[in-house]
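S.K.: turn this into a model:
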Amino acid sequence: MGASRIKIGKVTLDRRLGCLEDREGKPQHLRPKSYRVLEVLAERRGELVSKDTLAAAAWGDMAVSDESLSQCISDIRRAMGKNDAGLLRTVPRRGFVLEPEPTVAERRPVPAHRNAAVAAIVLASVTGLAIAYWTSDPGSDALTTAPVQAPAESVVASYPPSMLHWRDRTANDRLHAELEEILAKEPGNAQAWAELGHAYWREVKFSAWGGGRHELDRALTALERSIQLGGGAAAYRVLAELRLQAPFPDSLSPVDALAAAQAAADLAPSDPDSLAILAEALVANGYAKEAIPVIEQAIEAVASPPDQYREVAGLSYLAAGEPAKAVEEFGRLHGAGTFSGERHYMGWFLAASLAHAGRIDEASSVVEQARRTRPEKTLQSVSLALGHLRGQGALNVVMEGLRLAGMPG
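M.R.: This is a model prediction of the structure:
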């Protein structure tokens, strides 16, 4: 049966009592299925354990969906805590590994551009996760052709971001078709797989286009294929965004998002898009203060920062307790589609920031204006509209700000 007590980061698996204990010895109970999955992973620590093996151990002969197993993995990571959740590593399409705790010598070198505090927290959070994509054996179904970058770059260049707008999916459909043609001839083109994954993800992200679970799965498959072929930062950036913003709860994973974002930033340390997604992932994992220097570096790197950078900066400041700076960022976006279109939720962020900054009257004015035109009339409905922040501390800060502004429950 092995050891009766197994230390995993700052928690301990007590097999006699059938629970986890925190550092103070207090029980951290898991659902029975989640406990059994963790027990099997602990018994085979350091080994890849397949999904089938875990399903058989926890459910026996019963049929079980990937979503059920994913929920168990999420339960375990939540119980382990943010700093140690990275010890439970996902090997795409194959299974999971509970890593041994890293020694100081095993930690990865800190990129020169990164603030030391940021690097320390990222390394503690994602040990092994980002490396998984580079070191995992993709299996017999993976392509082993060397990456070929031929026409994909020129094709993508002909579709600037201004064309790939949420109001019209026509350009995205054309790009999708051209990428499929490239891959039919060059199945080892890592960049084409990454861009195809991005095209599928846009179909899901822009809800007006009607993309759903099928398109999300296709996006994940394409991104994984790109990574297996040695794809660059683009695949990791899109994967991180998907794990932060997916409309399906079982597909959200801030820990996996942080791992992918760290990989993107390591591969492209001067790329502002990579820095921006890293900052967003840091906020999602509760490290808003550490996100601030990262997003500020991204903003300084471009002449006209995209709205997305301003949003990440605003949330970083708000969650870090600097609401006045958050007001400056969200104020830049106010009046430019604040409560409409792709960024319909920006006004809620502005109102919450104003309230936390002590400007209650202004915050209440923004809320009342929104309640006359928006479908969200209560805190609960706003919380649902901000579903991409589910499970993040930033959402709690926004909700508290709206309460201060007089938003009814």
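S.K.: from here on, just use CA atoms for contacts and neighbour counts.
M.R.: Will do.
S.K.: low-confidence ranges, this structure, go.
M.R.: Scanning the chain for pLDDT under 70 picks out the ranges 1-2, 82, 92-93, 101-151, 162, 334-344, 391.
S.K.: and it, what are its domains?
M.R.: 5-101, 306-409 (automatic domain parsing).
S.K.: the shortest one: how far from the chain's middle?
M.R.: I take that to be domain 5-101. Averaged C-alpha coordinates place domain 5-101 at 20 Å from its chain's average position (C-alpha atoms, centre = their mean, to the nearest Å).
S.K.: returning to that earlier point: and the domains of the chain, which is most packed in?
M.R.: domain 306-409 (a mean of 19; mean count of other C-alpha atoms under 10 Å).
S.K.: residues touching L223, list them.
M.R.: Listed by C-alpha atoms under 8 Å, 6 or more residues apart in numbering, the contact set of L223 reads 193-194, 196-198, 235-236, 238-239.
S.K.: thinking again about what came up before, format the domains of the chain as a markdown table; extra columns: distance to I227.
M.R.: Formatted as a markdown table, these follow (distance: least, C-alpha to C-alpha, whole Å):
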| stretch | distance to I227 |
| --- | --- |
| domain 5-101 | 10 |
| domain 306-409 | 24 |
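S.K.: I figured A234 hits A194, correct?
M.R.: Yes - A234 lies in contact with A194 (C-alpha atoms under 8 Å); the separation is 6.6 Å.
S.K.: with just CA atoms, put stretch 222-229 into PDB.
M.R.: Output in PDB follows, covering the C-alpha atoms of stretch 222-229 (Å, rounded to 0.1, in the frame of the first residue of the first chain):
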ATOM      1  CA  ALA A 222      -4.500  22.300 -33.300                       C
ATOM      2  CA  LEU A 223      -2.600  24.100 -30.600                       C
ATOM      3  CA  GLU A 224      -1.300  20.900 -29.100                       C
ATOM      4  CA  ARG A 225      -0.100  19.700 -32.500                       C
ATOM      5  CA  SER A 226       1.700  23.000 -33.000                       C
ATOM      6  CA  ILE A 227       3.400  22.600 -29.700                       C
ATOM      7  CA  GLN A 228       4.400  19.000 -30.400                       C
ATOM      8  CA  LEU A 229       6.000  20.200 -33.600                       C
END
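S.K.: tell me how far the residue lying closest to A42 once chain neighbours are set aside lies from Q28.
M.R.: Excluding the flanking residues, the one nearest A42 by C-alpha to C-alpha, 6 or more residues apart in numbering is L98, at 6.6 Å. Relative to Q28, L98 is positioned 18 Å away (C-alpha to C-alpha, to the nearest Å).
S.K.: on that earlier part again, nearest to Q262, out of the contacts of L223: which one, please.
M.R.: Nearest to Q262, judged by C-alpha to C-alpha, of the contacts of L223 is Y236 at 8.5 Å.
S.K.: close enough to count as contact, that closest one and A263?
M.R.: Yes - if you go by C-alpha under 8 Å, Y236 and A263 touch, sitting 6.5 Å apart.
S.K.: comparing those two, which residue is more hemmed in?
M.R.: Neighbour tally, Y236 and A263, criterion other C-alpha atoms under 10 Å: the higher count belongs to Y236, 30 against 26.
S.K.: which residues in the stretch 1-150 of the chain form helices?
M.R.: 32-43, 51-59, 66-80, 116-126, 129-135 (DSSP state H, counting those that start in this stretch).
S.K.: would you mind identifying the next helix or strand past the shortest one?
M.R.: Along the chain past helix 129-135, the next helix or strand (assigned with DSSP states H and E) turns out to be helix 152-157.
S.K.: can you spell out which helices and strands pack onto the next helix or strand after that following helix?
M.R.: Proceeding N to C from helix 152-157, the next assigned helix or strand is helix 170-185, under DSSP H and E. Under the contact criterion of 3 or more C-alpha pairs under 8 Å, 6 or more residues apart in numbering; DSSP states H and E, helix 170-185 touches helix 152-157, helix 190-205.
S.K.: how does it look with 6 Å?
M.R.: The contact analysis (3 or more C-alpha pairs under 6 Å, 6 or more residues apart in numbering; DSSP states H and E) places helix 170-185 against no helix or strand.
S.K.: between helix 190-205 and it, find me the angle.
M.R.: If you take axes from the mean of the first three to the mean of the last three C-alpha atoms, to 10 degrees, helix 170-185 sits at 140 degrees to helix 190-205.
S.K.: how far does helix 170-185 sit from the chain's center?
M.R.: Relative to the centre of its chain, helix 170-185 is centred 26 Å away, using C-alpha atoms, centre = their mean.
S.K.: which strand residues bridge the residue nearest to A42?
M.R.: L88 (DSSP bridges).
S.K.: and it, what is it in contact with?
M.R.: 41, 45-46, 87-88 (C-alpha atoms under 6 Å, 6 or more residues apart in numbering).
S.K.: do you know how far it is from L196?
M.R.: On the measure of C-alpha to C-alpha, L98 and L196 end up 31 Å apart.
S.K.: now G347
M.R.: Relative to L196, G347 is positioned 32 Å away (C-alpha to C-alpha).
S.K.: then D66?
M.R.: For D66 relative to L196 (C-alpha to C-alpha), the value is 24 Å.
S.K.: same check on H214?
M.R.: Per C-alpha to C-alpha, H214 is found 14 Å from L196.
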